[in-house]
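# sequence and predicted structure, then a few things I'm wondering about:
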Amino acid sequence: MGLDDDAREYHREEPPGKIEISTTKPTNTQRDLSLAYSPGVAAPCRDIDADPTRAYEYTAKGNLVGVVSNGSAVLGLGDIGAQASKPVMEGKGVLFKRFADIDVFDIELDLEDPDEIVDTVRAMEPTFGGINLEDIKAPECFEIESRLREEVDIPVFHDDQHGTAIISGAALVNAVDIVDKEFEDLKVVFSGAGAAAIATARFYTTLGVRKENIVMCDSSGVIGTDREDLNQFKSEFASDVEADTLAEAMEGADVFVGLSVGGIVSQEMVASMAENPAVFAMANPTPEIDYEEAKDARDDTVIMATGRSDYPNQVNNVLGFPFIFRGALDVRATEINEEMKRAAAEALADLARQDVPDAVVKAYGDQPLQFGPDYVIPKPLDPRVLFEVAPAIARAAMDSGCARTEVDLDAYEERLEARLGKSREMMRVVLNKAKSDPKRVALAEGGDEKMIRAAYQMREQGIAHPVLVGG
């Protein structure tokens, strides 16, 4: 069978779909049921009526995200409508649960009018600790997110916009460092002017890129100040440059950001860019230019990123949204603000600079994973992302004043470990004990790469004083 047939079988196998609801409390006796429902349930209801914040104490609200879509811009499929988008939204729920232990209700709305979508989601605020907007077309998605952020008191996050911005932003932070450039000097060219491109351009300006150095192109060419066919969002990045086409705009550019269609960038276009360029060709499943073609276009360093898992530097939104919501939920944040988004990008960039555990290397076929042009962002299956990004989000929420509760960040990391299961929790206990009284440990075959990395990790974590023996 082909991939499509395998996917159909995967989704329809009993029980159909990919998510279910399970109970978290005992329901075996009459007393259990009287506590879960009538008459016992009246007590927490009265408490919440007196103090609405106690909903986080008595219900699943604090670990529940609504994934909301009308199916108007489903990746690779377009406007397929609410019902057809449900497998995608269920899949989003799987990722939330798998990577951050967050429960999800997927909400598919058969609505097109932004006013109706906003009113409907706002009415569901009591149910959720956060709202993840998904696959809603531009420009409506901008209005919907903006209004909901103003009108509800829980985090609202349109992942199609901000996920790509944050993950590619982390890659850009490290790319700039590797090639020794400054953000304020970068000339950045975008191919694509949809929700992801506009949000990414906005985010890059918070990292230090100057707005006047950003050139954005759509299917009609460069978005210039002389264009009369621009909506308010494209107009935000209209530029006064002597270029009409994408090829002309890319001449001398330091960074190319592709959020458009595959195969529209040639080797000649990459060759025309500035010294040691970054090429983020993120169209899926076919990048704007193939990985090998971009690398072979020049003799200097090309830092290449795509949306594909079979190439280095995959810009995958799963590196962001589960952990961003995890941190936001755990401090009961009222929003996901710019400080939190930047904290996520910086945490991911920092993690890519750290030594990669053997388990992660093995998960990716023992390919070399070391900070450099081919490793500027972590891998999605790296479990450390949770412990880096979620605390960074929690800290930024507390520092920026949008957290309704404070957490001790050291204790918080241990709670996150516990969420991944008893084995991780037990390992944390062992590591903490080792840190309290580090011992000298002799490692044989000291010239072996794995032994050297193990020694480095022991020292970095402060759990032992390693001694390499032999060469």
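Thanks, I have it.
# give the contact list for L109.
68-70, 82, 117, 120-121 (CB atoms under 8 Å, 6 or more residues apart in numbering). To be clear about C-beta, it is placed using only N, CA and C from the backbone, and glycine gets the same treatment.
# from those residues, keep the buried residues only.
Among the contacts of L109, the ones that count as buried by 16 or more other CB atoms under 10 Å are 68-70, 82, 117, 121.
# I'd like those residues written out as CSV, with secondary structure, pLDDT and distance to A195 added.
Conversion of those to CSV gives the following (DSSP: H, G, I helix; E, B strand; the rest coil; pLDDT from 0 to 100; distance: CB to CB, whole Å):
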residue, secondary structure, pLDDT, distance to A195
V68, strand, 98, 15
S69, strand, 98, 13
N70, coil, 97, 14
A82, helix, 97, 18
I117, helix, 98, 15
V121, helix, 98, 17
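# what's the closest of those residues to E57?
Nearest to E57 among the buried ones among the contacts of L109 is V121, at 24.0 Å by CB to CB.
# neighbours around A196, how many?
Neighbour count for A196, taken as other CB atoms under 10 Å: 27.
# where do the strands of the stretch 51-200 of the chain begin and end?
Along the stretch 51-200 of the chain, counting by DSSP state E, counting those that start in this stretch, strands occupy 64-69, 103-108, 130-133, 156-158, 188-191.
# strands paired with the second one, and their directions?
In this case it means strand 103-108. Sheet pairing of strand 103-108 (DSSP bridges) gives strand 64-69 (parallel).
# and if you look at the third one?
Based on DSSP bridges, the pairing partners of strand 130-133 within the sheet are strand 64-69 (parallel), strand 156-158 (parallel).
# send me that strand as CSV with only the CA atoms.
Output of strand 130-133 as CSV, limited to C-alpha atoms (Å, rounded to 0.1, in the frame of the first residue of the first chain):
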residue,chain,number,x,y,z
GLY,A,130,-5.7,28.7,26.0
ILE,A,131,-6.8,28.8,22.4
ASN,A,132,-4.6,27.6,19.4
LEU,A,133,-6.0,29.1,16.2
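# just the helices in the stretch 251-400 of the chain please.
267-271, 291-296, 321-330, 338-353, 358-363, 384-400 (DSSP state H, counting those that start in this stretch).
# buried residues of the shortest one, list them for me.
Of the residues in helix 267-271, 269-271 count as buried by neighbour count, 16+ other CB under 10 Å.
# in a markdown table: the residues you listed, plus distance to D51 and pLDDT.
A markdown table is the format used below for these (distance: CB to CB, whole Å; pLDDT from 0 to 100):
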| residue | distance to D51 | pLDDT |
| --- | --- | --- |
| M269 | 60 | 98 |
| V270 | 59 | 98 |
| A271 | 64 | 97 |
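# centre-most residue in the protein?
G320 (1.8 Å; CA atoms, centre = their mean).
# does that one touch A347 like I think?
No - contact between G320 and A347 fails when scored by CB atoms under 8 Å: they sit 10.2 Å apart.
# return every residue with contacts to both of those two.
V389.
# switch the strands paired with strand 130-133 over to a markdown table; also include distance to I166.
Shown next, in a markdown table, are the strands paired with strand 130-133 (distance: least, CB to CB, whole Å):
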| stretch | distance to I166 |
| --- | --- |
| strand 64-69 | 17 |
| strand 156-158 | 10 |
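# nearest to V389, out of the ones you listed?
It's strand 156-158; of those, that one is closest to V389 (CB to CB) at 13.5 Å.
# which residues does the closest one contact?
Outside strand 156-158, the residues that reach it (CB under 8 Å, 6+ apart) are 130-134, 136, 141, 144-145, 148-149, 195, 199, 321, 324-325, 335-336.
# F190 and A36: what is the separation?
Using CB to CB, to the nearest Å, F190 is found at 52 Å from A36.
# quick check: D4 vs H11, distance?
D4 is 11 Å from H11, where distance means CB to CB.
# more neighbours, these two?
A count of neighbours by other CB under 10 Å puts H11 above the other of D4 and H11, at 13 against 8.
# pLDDT value on the more buried one, please?
pLDDT, the model's per-residue confidence, is 88 for H11.
# before we move on, the earlier item: weakest of the helices of the stretch 251-400 of the chain by average pLDDT?
Of all the helices of the stretch 251-400 of the chain, mean pLDDT reaches its minimum on helix 358-363 (a mean of 84).
# check contacts around the residue nearest to the centre of the chain.
Residues near G320 by CB under 8 Å, 6+ apart: 159, 162-163, 166-167, 344, 348, 389.
# closest one to I452 among the helices of the stretch 251-400 of the chain?
helix 358-363 (11.6 Å).
# so G163 is in contact with F325, correct?
No - counting by CB under 8 Å, no contact exists between G163 and F325, whose distance comes to 11.1 Å.
# on that earlier part again, select only the buried ones of the contacts of G320 in ChimeraX?
Those of the contacts of G320 that count as buried under 16+ other CB under 10 Å are selected in ChimeraX with:
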select :159,162,163,166,167,344,348,389
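# need the max-distance pair from the contacts of G320.
Once CB to CB is applied, the contacts of G320 give D159 and L348 as the farthest pair, at 15.1 Å.
# where in this protein is the helix or strand with the lowest mean pLDDT?
In the chain, no helix or strand scores lower on mean pLDDT, DSSP states H and E than helix 422-436, which sits at a mean of 61.
# and the helix or strand just after it, which strands flank it?
The helix or strand immediately downstream of helix 422-436 is strand 439-443, counting by DSSP states H and E. Within its sheet, strand 439-443 is paired with strand 464-468 (parallel), according to DSSP bridges.
# avg pLDDT for the strand it pairs with?
Computed over strand 464-468, the average pLDDT equals 87.
# can you list the contacts of G320 in JSON lines and add distance to Q461?
Formatted as JSON lines, the contacts of G320 follow (distance: CB to CB, whole Å):
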{"residue": "D159", "distance to Q461": "32"}
{"residue": "H162", "distance to Q461": "32"}
{"residue": "G163", "distance to Q461": "30"}
{"residue": "I166", "distance to Q461": "27"}
{"residue": "I167", "distance to Q461": "26"}
{"residue": "A344", "distance to Q461": "23"}
{"residue": "L348", "distance to Q461": "20"}
{"residue": "V389", "distance to Q461": "19"}
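# among the contacts of G320, find me the one that's closest to S235.
Checking the contacts of G320 against S235 with CB to CB, the nearest one is H162 at 20.6 Å.
# quick one: I264 and E288 touch, right?
Yes - with contact defined as CB under 8 Å, I264 reaches E288; the gap is 5.3 Å.
# ok, those two, which is more surrounded?
E288 (27 against 20).
# below-threshold pLDDT in the chain: ranges please.
For the chain, the stretches with pLDDT under 70 are 1, 421-433, 471.
# if we use 50, what do you get?
Within the chain, the stretches with pLDDT under 50 are 422, 425.
# looking only at residue counts, what's the top helix in it?
In the chain, with assignment by DSSP state H, the single longest helix is helix 159-178.
# between that one and strand 64-69, how many degrees?
Going by axes from the mean of the first three to the mean of the last three CA atoms, to 10 degrees, helix 159-178 is angled at 100 degrees with respect to strand 64-69.
# and helix 159-178, what does it pack against?
If you count contacts as 3 or more CB pairs under 8 Å, 6 or more residues apart in numbering; DSSP states H and E, helix 159-178 packs onto strand 130-133, helix 140-151, helix 195-207, strand 255-258, strand 278-281, strand 303-306, helix 321-330, helix 338-353.
# what about the fifth one, distance to the chain center?
In other words, strand 278-281. 18 Å (CA atoms, centre = their mean, to the nearest Å).
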